[in-house]
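*Asks:* no sequence for this one, just the structure:
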C-alpha cells in the first residue's frame with residue numbers, strides 16, 4: 001500500500017501567528033498590570049506622597065486608557081483621600097464643630113477631590129462592569145450629597161467679623177465652582193453610560209428625584225428619563 005503524500009506546506013504555517021499589533025496590545029496590558037501593582041503597593045505601604053501615587057495611576061491610564069481598573073482604583077484612591085481629609089478635620093476640630101473655619105476646611109476637601117472622584121468612577125463604569133456595583137452608587141452618593149450641601153448655602157448669611165465674612169464668601173464661591181465642575185463631569189458620563197448601567201441604581205436615583213439643587217435635579221431627571229425610555 002502507498003503512503004499518503006507528504007504535505008508541501010509546513011505544519012507550523014497553518015498556526016495563527018500573533019500580529020505585531022496584538023503583541024503590542026498584550027505588552028501594553030502586561031505593563032498596565034505591573035503599573036497597577038506598583039501603584040497599589042505604593043498606596044498600601046504609605047511610603048509615598050499622594051501626589052506620587054496619583055501620578056503613578058495617571059501613567060497607568062495613559063498606558064491602558066480603556067481599562068476599567070485604571071479608572072476604578074484611581075477614583076477609589078481619591079475617595080480615600082477625601083474621607084481621610086474629612087476625618088482629620090473632625091478629629092482636630094472636634095471642640096469647634098460647625099465653626100466657619102471647619103466648614104472652610106471641609107469645603108477645601110470637596111473642591112480638591114470631588115470632580116476627580118466622579119470622573120474616574122464614571123470612567124470605570126464607561127469602560128466595564130466589573131466594579132459597577134461600587135463605582136456607580138458611590139459616584140451618585142458623593143455627587144448628590146454634595147449637591148445637597150450646595151443647595152443649603154446661603155450667600156446672604158452674615159457671619160461675625162469682616163474677615164470671617166470674606167472667608168465665608170470665598171468658601172461659598174469655591175463650593176459653587178466645584179458644583180459646576182462636578183455637574184460637567186456628570187454630563188460627560190451621562191453621554192457615555194448606557195441605560196442598563198444606570199438601571200442598576202434606579203432605586204437610588206428615584207429616591208433623590210426631589211433634589212433641592214436645580215442643576216443636579218435637571219441632570220437627575222435626564223438620567224431617569226433615559227432609563228424609562230429604554231425600559232418602559
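*Replies:* On my side now, so go ahead. Predicted, not measured: the structure shown is a model, and the values here were computed from it.

*Asks:* And the helices in this structure?
*Replies:* 20-45, 50-63, 68-92, 100-126, 132-151, 162-192, 195-199, 202-207, 214-230 (DSSP state H).

*Asks:* Dump those to CSV, plus mean neighbour count and mean pLDDT.
*Replies:* The way it works is simple: take the backbone N, C-alpha and C, and place the C-beta from them, glycine included. CSV is the format used below for those (neighbours: other CB atoms under 10 Å; pLDDT from 0 to 100):
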stretch, mean neighbour count, mean pLDDT
helix 20-45, 14, 88
helix 50-63, 16, 95
helix 68-92, 18, 89
helix 100-126, 21, 82
helix 132-151, 18, 96
helix 162-192, 16, 87
helix 195-199, 16, 97
helix 202-207, 12, 96
helix 214-230, 15, 97
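
*Asks:* Now do the same contact list for residue 183.
*Replies:* 215-216, 219 (CB atoms under 8 Å, 6 or more residues apart in numbering).

*Asks:* what's the answer for residue 229, then?
*Replies:* So residue 229 contacts residue 195 (CB under 8 Å, 6+ apart).

*Asks:* And it, how close does it get to residue 195?
*Replies:* 7 Å (CB to CB, to the nearest Å).

*Asks:* Same check on residue 224?
*Replies:* Taking CB to CB, one finds residue 224 at 10 Å from residue 195.

*Asks:* Then residue 186?
*Replies:* 15 Å.

*Asks:* and if you look at residue 153?
*Replies:* Taking CB to CB as the measure, residue 153 falls 33 Å from residue 195.

*Asks:* Residue 148 now?
*Replies:* Residue 148 is 25 Å from residue 195, by CB to CB.

*Asks:* Equivalent analysis for residue 178, please.
*Replies:* In terms of CB to CB, residue 178 sits 28 Å off from residue 195.

*Asks:* Help me confirm that residue 140 comes into contact with residue 203.
*Replies:* No. Assessed by CB atoms under 8 Å, residue 140 is found out of contact with residue 203, at 10.9 Å.

*Asks:* residue contacts, the nearest residue to residue 138 once chain neighbours are set aside?
*Replies:* In space, and not counting its chain neighbours, residue 138 is closest to residue 121: 6.1 Å by CB to CB, 6 or more residues apart in numbering. The contact partners of residue 121, by CB under 8 Å, 6+ apart, come to 71-72, 75-76, 79, 135-136, 138-139.

*Asks:* what about 7 Å?
*Replies:* 75, 135, 138-139 (CB atoms under 7 Å, 6 or more residues apart in numbering).

*Asks:* Just send these back as TSV, with distance to residue 171 too.
*Replies:* Below are these laid out as TSV (distance: CB to CB, whole Å):
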residue	distance to residue 171
75	25
135	29
138	25
139	24
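
*Asks:* Of those, which is the nearest to residue 91?
*Replies:* Residue 91 has its nearest neighbour among the contacts of residue 121 in residue 138, at 23.2 Å by CB to CB.

*Asks:* how much space between that closest one and residue 74?
*Replies:* Taking CB to CB, one finds residue 138 at 13 Å from residue 74.

*Asks:* Tell me how far residue 69 lies from residue 194.
*Replies:* From residue 69 to residue 194 the distance is 19 Å (CB to CB).
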